[in-house]
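Trainee: A predicted structure for the sequence below; I have some questions about it.
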Amino acid sequence: FIGVNPKAVVSTQSTGGSANIFTNARNGCKFQETTEQQVAAFIRSSYLSLPPWTPSNSSSLLNFNFRTQELNGLILFHGNVDADYVAIELVNGVLKTHLQIGDGIRTVSALIGNLNDNTWHSVSLEIAQQSFIFTVDDMPMVQPLGQTEFEFSGGLYVGGIPESVNSTFLPITMQQSYPYFLGCVKALIVNTVIQDLLQAGNGKSGVRAECDGTCAAYPCQNGGSCRQLENQYDCLCSGSFFKGKTCSEEMTKVRFTPGSSLRYTLYEQKTTIRDDLHIKFKTTDSFGGLVQIETGDPNQYIKVIIKNSYLELTMNIGSMRVFARSPVPVNDDVPHTLSFWRRNTAASYAFDGGEVGKSTFDSMGTVEFGVIMNLRLGFPVSNMQFSGCMLGFDYNGITPLEDTSLPNIVKSPGVISGSCDIAPEPTEAPDNKSTDSNGSDTDGEEEKEKENEDNNETETEGPKEVSENNSTTQTQQQSQGGLGLPFIVLIAAGGFICILLVVYGVSRFAKRRQGVYITNEDKRVEEQQRVEYDKLTMHEEAFELPSKELYM
């Protein structure tokens, strides 16, 4: 191949802004649409049929823009496999063009790969001057042609080919690649004529007239699958261990401390013929039960446990059983995943996103599982309860760890939502500073007062005793710090004894005063009685005196 100057190639970048008026290739009428508005979003297997590409006098040019996340897909095909044709396809993220004119076929690959990055890429194909130029993102490749006159019969197909086209005559790479394109195509221009993708896709199943807001724009992240609805899309996040409208939010982390468990009771108890179970966790335990799907029949269950450091999956339906064991230990404190799918009698599973294992139930008819009653997370195995972190759990769309406060959930206090981090143990002794009612430190002020008292004492006792007092003070402080609680109890006991002595002394004093008061009262009563007696005696004497005079 011979490189050419990019400036010599017609720019493949689509133009926006003001409307560009082109002649409609099919009807000869005019329509006013910008190239940015001429979009076709292929959300499932489909194709559009457009007018044929006819050669012009000087050169024939075809260009468009596309975006996708698929590795493979046939974007454009035009012609007859038995005669002249052109095909542009995506193979393992690399864009290729196949051009057959006359007896020879030319295949050119783009200089860059990884074009399935869900961003817009420009494509141009020009046939002129005994060569054809294939340009992707302004990086051209050129190959000589024996002849430049071509005749493409039939229609120009975008997004795939109709079943009437015999693909067995196509190159082997096209036969092996996906026959349809999933993604978006816009600004398809053939010989300066913009193709009316909106009209071609009107009413076409699997095609939308806009890219953003549809599954063709691949809005679902982290492996979520997109489901196209009438006017919107829906991301199915099952198995991705993410949540949200576009599967961009991590699922809630829940820490299970030793001995903790959670039970979710189904409001609607039912049987299933298909099951999807996805769990993500990390632990250091060698034993422990992670998940158990309980039914009304003890012989029907799904159980995921850790046994001897390996993860084990068991699904039991009567006498039929599926069993799988992880290839490596899972108690290394790093995240591990398990995905399990069942479709009637066919079952498959994958550990850590690895190779998918398959198994079947030995039955010729429909295999029903249930009636499902409870989902249990955290239970003992070999007398050891699971402890660790659940990073995601989903069973048939049921995600109980996203809201553990639901009324149909019973959990133990050791189930902690929101974080898997364990609070580190303190490595330093806590500061024993006390605070007053205003929240300020009082320990420093007390120490300053003690230091001031010690300094006053040393100043009065002389310089010789300074070191002795300091050592004595330090010894007392160390002894007080060493005594701790017993010393406080001793002081409290002494204070209590002092209070009792004070109460006893007060009571004795009160009794003594009461005795003096009673003695004084008795004396006053006796004196009063004596005075009254003397008065009575004087009255008697005065009364008797006249009688003596009378008898005399």
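Mentor: Done, it's in. Numbers count the residues shown, from 1 in each chain.

Trainee: Roughly how far does residue 357 sit from residue 325?
Mentor: 10 Å (C-beta to C-beta, to the nearest Å). C-betas here are computed from N, CA, C, even on glycine.

Trainee: So for these two, which residue has more residues nearby?
Mentor: Using other C-beta atoms under 10 Å as the criterion, residue 357 and residue 325 rank with residue 357 on top: 16 against 13.

Trainee: and residue 268, what does it touch?
Mentor: Residues near residue 268 by C-beta atoms under 8 Å, 6 or more residues apart in numbering: none.

Trainee: And the pLDDT at it?
Mentor: Looking at residue 268, its pLDDT is 88.

Trainee: do the one 5 residues further on as well
Mentor: If you check residue 273, the pLDDT there is 94.

Trainee: Next, give phi and psi for it.
Mentor: phi -110, psi 0 (degrees, to the nearest 10).

Trainee: what's the neighbour count on it?
Mentor: 13.

Trainee: Surely it touches residue 370?
Mentor: No - at 9.5 Å, residue 273 does not count as touching residue 370 under the criterion of C-beta atoms under 8 Å.

Trainee: Can you find the helix or strand of the protein with the lowest average pLDDT?
Mentor: Ranked by mean pLDDT, DSSP states H and E, the weakest helix or strand in the chain is strand 21-23, scoring a mean of 38.

Trainee: Would you check how far apart the residue nearest to residue 50 when sequence neighbours are not counted and residue 195 are?
Mentor: Spatial nearest neighbour of residue 50, chain neighbours left out: residue 156 (4.3 Å); criterion: C-beta to C-beta, 6 or more residues apart in numbering. Here the distance between residue 156 and residue 195 works out to 8 Å (C-beta to C-beta).

Trainee: out of the two, which sits in the busier spot?
Mentor: residue 195 (26 against 22).

Trainee: and the more buried one, what does it touch?
Mentor: 25, 38, 50-51, 156, 188-189.

Trainee: Could you do residue 267 as well?
Mentor: Listed by C-beta under 8 Å, 6+ apart, the contact partners of residue 267 are residue 408.

Trainee: Could you measure from the nearest residue to residue 225 once chain neighbours are set aside over to residue 494?
Mentor: Nearest residue to residue 225, sequence neighbours excluded (C-beta to C-beta, 6+ apart): residue 236, at 4.7 Å. The gap separating residue 236 from residue 494 is 76 Å, by C-beta to C-beta.

Trainee: what about those two, which has more around it?
Mentor: Legend: neighbour count by other C-beta under 10 Å for residue 236 and residue 494, higher for residue 236 (13 against 10).

Trainee: from memory that one sits against residue 227, does it?
Mentor: Yes - contact criterion C-beta under 8 Å: residue 236 and residue 227 qualify, at 6.0 Å.

Trainee: low-confidence ranges in the stretch 101-250 of the chain?
Mentor: 148, 166-178 (pLDDT under 70).

Trainee: ranges for the helices of it?
Mentor: For the stretch 101-250 of the chain, the helices defined by DSSP state H, counting those that start in this stretch occupy 172-176, 197-200.

Trainee: hmm, back to that, for the residue nearest to residue 225, what are its contacts?
Mentor: 220, 224-227.

Trainee: Looking at those residues, which are in strands?
Mentor: Mapping the contacts of residue 236 onto strands (DSSP state E) picks out 225-227.

Trainee: Please list only the buried members of those residues.
Mentor: Taking 16 or more other C-beta atoms under 10 Å as the criterion, what is buried in those is residue 226.

Trainee: right, and out of the ones in strands among the contacts of residue 236, which lies closest to residue 378?
Mentor: Closest approach between the ones in strands among the contacts of residue 236 and residue 378, by C-beta to C-beta: residue 225, at 29.8 Å.

Trainee: from what I can see residue 75 touches residue 66, true?
Mentor: Yes - with contact defined as C-beta under 8 Å, residue 75 and residue 66 form a contacting pair (6.0 Å).

Trainee: so what sits against both of these two?
Mentor: Shared contacts of residue 75 and residue 66, defined by C-beta under 8 Å, 6+ apart, comprise 123, 181, 185.

Trainee: out of those, who's nearest residue 258?
Mentor: When the shared contacts of residue 75 and residue 66 are compared for distance to residue 258 (C-beta to C-beta), residue 181 wins out at 53.6 Å.

Trainee: Show the contacting residues for residue 298.
Mentor: Counting by C-beta under 8 Å, 6+ apart, residue 298 has no contacts.

Trainee: next one: residue 367
Mentor: 273, 317, 320, 344-345, 361.

Trainee: where along this structure do the helices fall?
Mentor: Ranges of helices in the chain, per DSSP state H, are 172-176, 197-200, 443-461, 466-483, 485-551.

Trainee: Report the beta-bridge partners for the spatially most central residue of the chain.
Mentor: Closest residue to the average C-alpha location of the chain: residue 250 at 1.7 Å, with C-alpha atoms, centre = their mean. Counting by DSSP bridges, residue 250 is bridged to residue 242.
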